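Engineer: give me coordinates for this.
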Amino acid sequence: MREDDSVSVYQEPGPNEMRDPVIRAELKRASVWFGLAVAIGLVVLLIHPLLIIFGGLVFASMLDGGVRLLGRVAPLPRPVRLALVVMLVTIFIGGTFYAMGVQIVEQAEQLRATLEAQSNRIARLAVDLGLMESPTDFSGLAQQVLGSIGRLTSAVGSLLGAGATLLMIMIIGLFVAMEPRIYDRGLQWMVPVAERDEFAITITAMATNMRRLLAGRLAGMLFEGVVTWLLLWLAGVPMALLLGIITGILAFIPNIGAFVSGVLMVSVGFSAGTSEGLWAIAIYFGVQTFDGYVVIPMVARRTVDLPPALTLSSQILFSTLFGVLGLALADPMLAMIKVALQRESQVSAKSRRRRGRRRGRRGGRIVASPEEPPPDAAVG
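Structural biologist: Prediction:
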């Protein structure tokens with residue numbers, strides 16, 4: 001070995017030195033995977049606060065939709081319109097409970113007693129049919145179901161926890177609705193400069209679809225609640241007002257909310273008599289059919305169309321992982337994910353078309369590859 005060869009080998013970096021490009025590349029790759037693992041761990045640990053923040057964004061979208069709708073009628077400054085929207089919503093909710101609070105409380109207690117009596121009747125029927133040995137088996141099954149629900153909703157299981165969660169969601173939503181552009185610019189600042197334009201378009205599309213989705217959802221809640229209340233009252237079904245309020249609130253959660261409200265409605269109807277029970281079934285299917293074939297398609301044409309099977313699957317998944325709050329926010333989260341994926345596919349399609357046009361422009365002239373001689377030289 002020559003002396004210069006030994007000197008060059010001596011000056012090369014060893015396998016454990018940071019100067020080695022291979023080591024630096026491997027460390028960079030390992031840091032990316034480590035950062036991804038840390039991010040996933042933080043999301044798992046902080047999922048409840050993240051859901052509260054997302055719920056605040058959903059509430060902010062509701063307020064922003066009301067502010068924009070009021071701006072079409074009264075061209076007032078945005079803070080004034082926001083204050084009017086908040087005041088009108090507060091007056092509506094407070095006035096409803098002030099005028100019908102006593103009736104709602106009485107019907108709530110009556111509903112609890114009715115559901116308990118209906119469950120005992122179902123237990124006796126199951127015993128008579130030989131499906132259970134004793135009614136205590138049914139009560140034990142009910143306790144197991146309620147226990148599992150309690151485990152799913154441990155984050156907001158108590159009334160105090162639910163109230164605090166709702167208060168935090170409303171406060172975050174109110175602050176975001178006051179100055180939405182500040183938070184929009186903050187999100188864009190966290191994205192690389194080259195991607196900020198596309199990110200801004202994606203955020204705008206997500207916000208627009210969120211407002212339309214929630215506007216349609218609120219319209220469906222109002223329609224189902226009011227129509228259910230009036231039809232049940234005309235049919236002579238007890239607790240029509242409370243059932244209408246419950247149906248309207250549960251309409252925010254598609255599929256599962258409609259099923260729960262239908263079970264309550266039919267149970268109360270049959271507790272008053274066979275004719276009332278049949279009327280409750282007819283009213284439930286009539287309202288849900290009109291909402292599913294008229295209201296929801298009208299909303300879907302102007303926003304993200306979510307397939308029912310995909311929506312139900314996401315609700316089951318999010319409710320199992322995150323409880324009641326995840327169940328309530330499953331539909332908006334799914335809609336936002338779908339908008340982001342659609343926007344990503346549009347951007348990818350545009351880039352492919354641009355590359356195709358560039359290749360088409362270069363197709364008019366023949367470019368020789370490095371391995372082969374030019375065509376003219378081969379002919380000559």
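Engineer: hey, let's count contacts and neighbours off CA atoms from now on
Structural biologist: Noted.
Engineer: tell me the mean pLDDT over stretch 251-271?
Structural biologist: The predicted model gives stretch 251-271 an average pLDDT of 83.
Engineer: Gly236 is in contact with Val268, correct?
Structural biologist: No - the criterion here is CA atoms under 8 Å, and Val268 misses it with Gly236 at 11.0 Å.
Engineer: higher neighbour count, the two?
Structural biologist: Neighbours were counted for Val268 and for Gly236 using other CA atoms under 10 Å; Val268 has more, 24 against 17.
Engineer: any idea how far Gln288 is from the more buried one?
Structural biologist: 18 Å (CA to CA, to the nearest Å).
Engineer: what do you get for Ser348?
Structural biologist: Applying CA to CA to Ser348 and Gln288 gives a distance of 39 Å.
Engineer: same question, Arg353
Structural biologist: Going from Arg353 to Gln288 by CA to CA gives 44 Å.
Engineer: could you point out the longest helix in the protein?
Structural biologist: When the chain is parsed with DSSP state H, its longest helix is helix 308-362.
Engineer: now do it: which elements does it pack against?
Structural biologist: helix 47-73, helix 135-152, helix 196-235 (3 or more CA pairs under 8 Å, 6 or more residues apart in numbering; DSSP states H and E).
Engineer: again, 7 Å this time
Structural biologist: helix 135-152, helix 196-235 (3 or more CA pairs under 7 Å, 6 or more residues apart in numbering; DSSP states H and E).
Engineer: run the angle between it and helix 196-235 for me.
Structural biologist: 150 degrees (axes from the mean of the first three to the mean of the last three CA atoms, to 10 degrees).
Engineer: and Ser348 and Gln288? which has more neighbours close in?
Structural biologist: Gln288 (20 against 12).
Engineer: now do the contacts for Gly220.
Structural biologist: 251, 291, 295 (CA atoms under 7 Å, 6 or more residues apart in numbering).
Engineer: in PyMOL, how would I select just the buried ones from those residues?
Structural biologist: Remark: buried members of these, expressed as a PyMOL selection using 16 or more other CA atoms under 10 Å:
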select buried, resi 251+291+295
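Engineer: which of the contacts of Gly220 lies closest to Met336?
Structural biologist: Of all the contacts of Gly220, Ala251 has the smallest distance to Met336: 19.5 Å, by CA to CA.
Engineer: on that earlier part again, where among the helices and strands packed on helix 308-362 is average confidence lowest?
Structural biologist: helix 135-152 - the lowest mean pLDDT of the helices and strands packed on helix 308-362, at a mean of 47.
Engineer: mind saving the C-alpha coords of the helix or strand following that one as CSV?
Structural biologist: Toward the C-terminus, helix 135-152 is succeeded by helix 159-178 as the next helix or strand (DSSP states H and E). What follows is helix 159-178, C-alpha atoms only, in CSV (Å, rounded to 0.1, in the frame of the first residue of the first chain):
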residue,chain,number,x,y,z
LEU,A,159,-73.2,16.2,34.5
LEU,A,160,-70.5,18.6,35.8
GLY,A,161,-68.0,17.3,33.3
ALA,A,162,-70.5,17.6,30.4
GLY,A,163,-71.4,21.1,31.4
ALA,A,164,-67.7,22.1,31.7
THR,A,165,-67.0,20.6,28.3
LEU,A,166,-69.9,22.3,26.7
LEU,A,167,-68.9,25.6,28.2
MET,A,168,-65.3,25.3,26.9
ILE,A,169,-66.6,24.5,23.5
MET,A,170,-68.8,27.5,23.4
ILE,A,171,-66.0,29.8,24.7
ILE,A,172,-63.5,28.6,22.1
GLY,A,173,-66.1,28.9,19.4
LEU,A,174,-67.0,32.4,20.4
PHE,A,175,-63.4,33.5,20.4
VAL,A,176,-62.7,32.0,17.0
ALA,A,177,-65.9,33.5,15.5
MET,A,178,-64.9,36.9,16.7
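Engineer: immediately after helix 159-178, which helix or strand?
Structural biologist: Downstream of helix 159-178, the next assigned helix or strand under DSSP H and E is helix 180-189.
Engineer: okay, the angle between that next one and helix 196-235?
Structural biologist: Using the same axes, to 10 degrees: helix 180-189 against helix 196-235 is 130 degrees.
Engineer: so what's Ile47 closest to, chain neighbours aside?
Structural biologist: Nearest residue to Ile47, sequence neighbours excluded (CA to CA, 6 or more residues apart in numbering): Phe322, at 7.8 Å.
Engineer: quick one: the one you found from Leu329, how far?
Structural biologist: 10 Å.
Engineer: same check on Phe199?
Structural biologist: In terms of CA to CA, Phe199 sits 23 Å off from Leu329.
Engineer: looking at these two, which one has more neighbours?
Structural biologist: Of the pair Phe199 and Leu329, Leu329 is the one with more neighbours under other CA under 10 Å, namely 22 against 19.
Engineer: perfect, that will be all.
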